[in-house]
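Asks: Whatever this is, show me its structure:
(one chain, ligands or ions: 1)
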Amino acid sequence: MRVEGGVFIPELASRMHELPPPNVLLYVTGDGAEAVADHLRRRGRRVELRDFEPDAPAEPDSRPRWRLWQPDPWVEEVTSSGNALDVGCGSGRDAVALAARGWQVAAVDPLPDALDRGRDLEARYGDGPPIDWRVTLPDAKFELVLLIRCGRPELLEQALAHLAPNGRLLFVGRTDLFPDLAKRSPVRLETGKDWSRAEFRAAGPVSPSDLLEKPV
Ligand SMILES: C[S@@+](CC[C@H](N)C(=O)[O-])C[C@H]1O[C@@H](n2cnc3c(N)ncnc32)[C@H](O)[C@@H]1O
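Replies: Model prediction:
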């Protein structure tokens, strides 16, 4: 059976933050599987007990095929490389995924624990330029700025202020917190029940207010 990722049960407690979104079905197998499945279900996870030998390396260090987590789907669509800023990086999935594709990433979050999880993720899966994990925003401009699931409107302005000329802002956020988002000339805007995804492109030197008013 082909699996997308996996973790040995003794490691699970320290790697819960790597799990994919709650809608993703998890299989549990081996000694102690029933207790682990109960634990995961209590945390809102979809779980099936399975008796199988996964078609995956026996060693947990064979990392890529054992990746438990996914970056944001839009981050997976980013193909070029350059320098990137991840504002509110949390446990660093998007930063690690971008660095793995050659981006020079600065990842910012005020929570030291979140940055530690990001460093841990980088140690397990990172194979690109080292990530600059930070508690404060750097004094620099970036070709790509991520603002993903950060529900603080002022962060949108900060993220835009760090865009280099011709840079892109990839935004994922709750629409009710950004009611005028659709007026802001996104290249793409997808609206779901609670969330929007938008991509803004800066054309030449811009201030955040120029960018927000300018068709792209
Ligand atoms: C819901 S999490 C999203 C994390 C990550 N972007 C993701 O999509 O998985 C929001 C993050 O924003 C961070 N945050 C809160 N205030 C912030 C600020 N002023 N500057 C940067 N990050 C902030 C929080 O610590 C938290 O890790």
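Asks: Could you check how far the longest helix along the chain is from the centre of its chain?
Replies: Counting residues, the longest helix in the chain under DSSP state H turns out to be helix 112-125. The gap between where helix 112-125 is centred and where its chain is centred comes out at 12 Å by Cα atoms, centre = their mean, to the nearest Å.
Asks: Ok, stretch 11-27 next?
Replies: Worked out by Cα atoms, centre = their mean, stretch 11-27 lies 15 Å from the chain centre.
Asks: if I've got this straight, V75 is in a strand?
Replies: No: applying DSSP: H, G, I helix; E, B strand; the rest coil, one finds V75 to be helix, outside a strand.
Asks: what pairs with the host helix or strand of D86, and is each one parallel or antiparallel?
Replies: Assessed by DSSP states H and E, D86 sits inside strand 83-87. Counting by DSSP bridges, the strands paired with strand 83-87 are strand 104-108 (parallel), strand 142-148 (parallel).
Asks: which residues touch the following helix or strand past that strand?
Replies: Following strand 83-87 in sequence order, the next helix or strand is helix 93-100 (DSSP H and E). Identification of contacts with helix 93-100 by Cβ atoms under 8 Å, 6 or more residues apart in numbering yields 18, 69-72, 75-76, 78, 84, 86, 89, 105, 107, 118, 121-122, 125-131, 144, 146, 148. No exception for glycine: its C-beta is placed from N, CA and C like everyone else's.
Asks: Kindly calculate the angle that helix 93-100 makes with strand 83-87.
Replies: Relative orientation of helix 93-100 versus strand 83-87 (axes from the mean of the first three to the mean of the last three Cα atoms, to 10 degrees): 170 degrees.
Asks: now helix 93-100, how far from the chain's geometric center?
Replies: Distance, centroid of helix 93-100 to centroid of chain: 7 Å (Cα atoms, centre = their mean).
Asks: if we can go back for a sec, and the strands paired with strand 83-87, which one's lowest on average pLDDT?
Replies: Lowest mean pLDDT within those: strand 142-148, at a mean of 91.
Asks: three-state assignment of P22?
Replies: coil.
Asks: How about the residues of this structure by the ligand?
Replies: For the chain, the residues in contact with the ligand (Cβ under 6 Å from any ligand atom) are 87-90, 93, 108-111, 114, 148-150, 152, 155.
Asks: Of those, just the buried ones, PyMOL syntax please.
Replies: Here is the PyMOL command that selects the buried residues among these (16 or more other Cβ atoms under 10 Å):
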select buried, resi 87+88+89+90+93+108+109+114+148+150+155
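Asks: among the residues of the chain next to the ligand, which two are most distant?
Replies: Spatial extent of these (Cβ to Cβ) is set by the pair R93 and R152 at 19.4 Å.
Asks: in the longest helix of the chain, what counts as buried?
Replies: For helix 112-125, the neighbour count (16+ other Cβ under 10 Å) marks 114-115, 117-122, 124-125 as buried.
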